[in-house]
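J.: sequence and predicted model, in that order:
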Amino acid sequence: MGQHRDRTAAAGGLSRRDLLARTGAGGIAGVLGAARPARAAGRPGATIRVAAAVPAGAIDPVTVADIGGLVLLQQTGEFLVYDAPDLTLRPMLALSWTPNPKGDVWTFRLRQGVKFHSGGTMVADDVVATMDRLADPKNGSNALSVFKGVLSPGGTRKVDDHTVAFHLDRPVGHFPYYVSSDNYNAIILPASYKGDFEKTFDGTGPFRLARYTPNAGASFVANREWWGGRALPARVEFGLYADQQSQILAMQGQQVDVMQQLTVQGGQALLNNPDVRLIKLRSSIHRQVHMRCDTGPFADKRVRQALALTLDRPALVAGLFHGLSDLGNDSPFAPVYPSTDHSVPQRGKDIARAKLLMAAAGHAHGFTVTLTTERLQEIPDYAVLIRNAAKQIGITVNLKVETQAAYYGAAKFGQSDWLDSALGITDYGHRGVPDALLSATLGSDGPWNAAHFRNPAYDRLVGDYVATTGLAAQRSIAGRIEALLLDETPVIFAYFYNYLIATGADVRGVEGTAISQLFLQSASIG
Amino acid sequence: MRIPLLRLLGQRLALAALTLLLLSLVVFAGGQLLPGDVGRAILGPLADPRAVAALDHQLGLDRPASMLYLEWMGRLLHGDMGLSYAFRRPVAPFVAAALVNSLKLAGLAFVIVVPLGIAGGVVAALHAGRWQDRAITLTGVSLTVVPEFVSSIVLILVLAVWLRALPISAAWRPGSSALVQLQHLILPALPLVIVLFGYIARMTRAGTVEALEADYTRTAVLKGLPRGVVIRRHVLRNALLPTITVLATQTGYLIGGLVVVETLFRYRGIGSLILTAARGKDFPMLEAGILTVGAVYIAATLIADAVLLLLDPRQRLGDAP
């Protein structure tokens, strides 16, 4: 589930000032000149074979919430804005975007002459219908959590055929991320869309559907009418796999050219394989080790600090990820975010200090606690490492490792091991900006606040951060948030691991995002 | 003679219907115990509760569970397996395609392993106590205990990755010829052959040893019948009776229990269909998948009984002396 999270994508790589600079008089040419992922020179006409995850259900842009579904969606569908692997925004179906002075109205100028595969021309009405559909609670939209409190039905208004204005419920400095590829549900569909995406995969993208067989595979052919020219491959074929092992075997047997995602756990056979090229993307994918701040021994922040001090993070990263990971510093500010304040001291292992903190908190002889978590990738191993680390300061950790369904339960306080456990580990996928994590997982009224952390000063800082424009100002507030969280330590963020895409050694031009998207229009073989 | 047979068949069919009904109830009740709900399974654990509620409502899942079951059963009695919650498409084509795939794989495995297993068992019995017997028995037992995921990976690495002799994936392109399909199926069939060979060989060996020591075999030999005729007509005919029963009981495994093999070889069989449905709480798909496997299992058992009746006159004639 790592990549399927609600992503309130805002702030981060490109600040409002940056955006204004780019979309202002001096910067507009640069924006107009940029396009989708850059095209590389390569041999045209290849068939690119991709091993991807089996979609969990129907391929419907409104409801898709898994990596298997979203990667198929974006072969034919496109977004207003592309959130590139370096977390900067690039024009896609929108050429430019500009906020009003207050930041609660954003005006997007649309690319002209864009054709849907079904034949119609994309205009503002299509964008309005798409966003209204996603923002309407009646539609069961997976993007609802992105737009909650930000964009309501009716908030997207047509200015003219090629201009749309988003009237937001509150100012959001980096709203373009909300309608970028970071919000994978936000592909632009025809206004007439009736919920039957699987029939035609109607979109505006570089590929059009040739065939889709649920649970088996999909193939796409180059779209001759694509606004970006013609895609380099003649065809892309997606084989759908239920697990990583079978994808790895297919890569080893050179029966696929691209593997959507490779995790280090179980993926060793490809990590040092000369026939395989790894695309390594720094990301904000991480695990949150929450500690209940409202009850039990972790209510004392010294105990939380002590547990965080037992972890040897470089060793964790080396052991669990072969070093393919950034270190975490107990806040959602991943090193990959431009707004992260790197001057905040990195927390390291310090058992002596941890023992002093435990003694000061009245737990010199330790205590026993249950660590509840989910069975996913490296998490059970991580849980064991935490148990071993905690033992050094007298904390006895009993492990309760469950299926994901059992762990999340009803995902409501009082009905979920995730939200109710004293100590737990939860997986979080990549986000282009940290806002959702800052507010939902740590905000006083955050729906994912498993730590039950309530701190008015923190809430104010997060509010300021979200509203702030300009990278320098953002980084300044980020530093204060990081320092506050380092002191309070409601959650341990030990690492932010790299997202890996595996390709054949002779495959070029594949671009992906840490959300699990693959952009193949520039892909070639040989 | 005919009336007892028909009565037997009628009884078996009635029992089969009752079994399937109970099975559907058990699956439904079990499905209710699975954690989470359908909307959240589709939209993910962090989805907005309003979106989850809206999707559950769209799927009609905000009604009492008993109503959902009765509605589904009513549709089933009219030949409609319902709509998949996850795929929002009719369930029947999914189940039919998966069943056909599973039957193809099971069929190929049977075609390879049954003659091999029976031949191995007969040879072992004919050489009971000698090195041939020990070699076959030991090989069979050793292969049976190798987990499918181990044998599958070894076979893939050797035959597909290193030798490049066979395709790794059992998924062939749509419209592929029977020969191409066969080529794709050989590799996934081999782990099943490995698992079943020892089992079938052992059963055949035991039956053959018993038949070889029976009075009717001694009589046939004393009559001066050639050894081959004795084995074919008198020994095998009797020795295979328990083997046939064993084969019938393996049907459920071969049709619905190949999740590991199907996953490793990217094969869309009914086992993985059921597993996916269970994970997503896709009740119509889960019910249809399990009932289909149950029906196939019952059918295989009926066929095995019929074959036993044909092969063994004592069973046709009841307790007649």
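T.: Received it, and whenever you're ready, just let me know what you need.
J.: can we go C-alpha only for contacts and neighbour counts from here?
T.: Fine.
J.: touching, residue B:109 and residue B:190? I think so.
T.: Yes - when contacts are counted by C-alpha atoms under 8 Å, residue B:109 is listed as touching residue B:190 (7.0 Å).
J.: looking at chain A, which helix or strand is least sure?
T.: Lowest mean confidence among the helices and strands of chain A (mean pLDDT, DSSP states H and E): helix A:28-33, at a mean of 35.
J.: what residue in the stretch 101-250 of chain A comes nearest to chain B?
T.: Using C-alpha to the nearest C-alpha, the single residue of the stretch 101-250 of chain A nearest to chain B is residue A:140, 3.9 Å away.
J.: show me the contacts for that residue.
T.: A:62-63, B:50-55 (C-alpha atoms under 8 Å, 6 or more residues apart in numbering or on different chains).
J.: any weak-confidence spans in the chain?
T.: The chain I'm using is chain A. Within chain A, the ranges that satisfy pLDDT under 70 run A:1-41.
J.: ah, I was thinking of chain B
T.: Filtered on pLDDT under 70, chain B yields the residue ranges B:1-5, B:35, B:313-321.
J.: and it, which residues reach chain A?
T.: Selection of chain B residues close to chain A by C-alpha under 8 Å from any C-alpha of the partner chain yields B:35-37, B:40-48, B:50-55, B:86-88, B:156-157, B:160-162, B:164, B:168-169, B:171, B:263-266, B:268, B:280.
J.: in ChimeraX, select just the buried ones from the residues you listed.
T.: Entered in ChimeraX, the line below selects the buried ones among the residues of chain B next to chain A, by 16 or more other C-alpha atoms under 10 Å in any protein chain shown:
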select /B:35,36,37,40,41,42,43,44,45,46,47,48,50,51,52,53,54,55,86,87,156,157,160,161,168,169,171,263,264,265,266,268,280
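J.: can you list which of the residues of chain B next to chain A are found in helices?
T.: Counting by DSSP state H, the part of the residues of chain B next to chain A found in helices is B:40-43, B:50-55, B:263-264.
J.: looking at those residues, which one is closest to residue A:401?
T.: The shortest approach to residue A:401 among those belongs to residue B:41, at 19.0 Å (C-alpha to C-alpha).
J.: hmm, back to that, out of the ones in helices among the residues of chain B next to chain A, what pair is the most spread apart?
T.: B:50 and B:264 (37.4 Å).
J.: before we move on, back to that, and the contacts of residue A:140 as CSV, adding distance to residue A:473?
T.: Formatted as CSV, the contacts of residue A:140 follow (distance: C-alpha to C-alpha, whole Å):
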residue, distance to residue A:473
A:62, 35
A:63, 36
B:50, 35
B:51, 35
B:52, 37
B:53, 40
B:54, 40
B:55, 41
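J.: next, the contact list for the residue nearest to residue A:415 when sequence neighbours are not counted, please.
T.: In space, and not counting its chain neighbours, residue A:415 is closest to residue A:409: 6.3 Å by C-alpha to C-alpha, 6 or more residues apart in numbering or on different chains. For residue A:409, the contacting residues are A:415-418, B:35-36, by C-alpha under 8 Å, 6+ apart.
J.: and residue B:186, by the same measure?
T.: Contacts of residue B:186 (C-alpha under 8 Å, 6+ apart): B:108, B:166.
J.: ok, it to residue B:291 distance?
T.: Distance of residue B:186 to residue B:291, computed by C-alpha to C-alpha, to the nearest Å: 28 Å.
J.: got it, and residue A:295?
T.: Distance, residue A:295 to residue B:291, using C-alpha to C-alpha: 48 Å.
J.: who has more neighbours out of those two?
T.: With neighbours defined as other C-alpha atoms under 10 Å in any protein chain shown, residue A:295 and residue B:291 compare such that residue B:291 has more, 18 against 12.
J.: which stretch of helix or strand covers the more buried one?
T.: Assigned by DSSP states H and E, residue B:291 belongs to helix B:283-311.
J.: for residue A:426, same thing?
T.: Using DSSP H and E, residue A:426 sits in strand A:423-428.
J.: wait, does that strand contact chain B?
T.: No - Strand A:423-428 does not reach chain B (C-alpha under 8 Å from any C-alpha); its nearest approach is 9.8 Å.
J.: after that strand comes which helix or strand?
T.: Remark: after strand A:423-428, the chain's next helix or strand is helix A:435-436, criterion DSSP H and E.
J.: right, is that next one up against chain B?
T.: No - counting by C-alpha under 8 Å from any C-alpha, chain B has no neighbours in helix A:435-436; the shortest distance is 11.3 Å.
J.: check which helices and strands the helix or strand just after that helix sits against.
T.: Downstream of helix A:435-436, the next assigned helix or strand under DSSP H and E is helix A:456-467. The helices and strands touching helix A:456-467, judged by 3 or more C-alpha pairs under 8 Å, 6 or more residues apart in numbering or on different chains; DSSP states H and E, are helix A:471-488.
J.: what parts of the stretch 201-350 of chain A come near chain B?
T.: Counting by C-alpha under 8 Å from any C-alpha, the stretch 201-350 of chain A comes close to chain B at A:215-216, A:240-243, A:245-246, A:249-250, A:252-255.
J.: the closest residue to chain B within the stretch 201-350 of chain A: what's it in contact with?
T.: Residue nearest to chain B within the stretch 201-350 of chain A: residue A:253 (4.4 Å; C-alpha to the nearest C-alpha). By C-alpha under 8 Å, 6+ apart, the contact set of residue A:253 is B:160-162, B:164, B:168.
J.: can you name the two of those residues that are farthest apart?
T.: B:162 and B:168 (11.1 Å).
J.: count the residues that sit near residue A:100.
T.: Based on other C-alpha under 10 Å, the number of other residues close to residue A:100 is 11.
J.: distance check, it against chain B.
T.: Distance of residue A:100 to chain B, computed by C-alpha to the nearest C-alpha, to the nearest Å: 29 Å.
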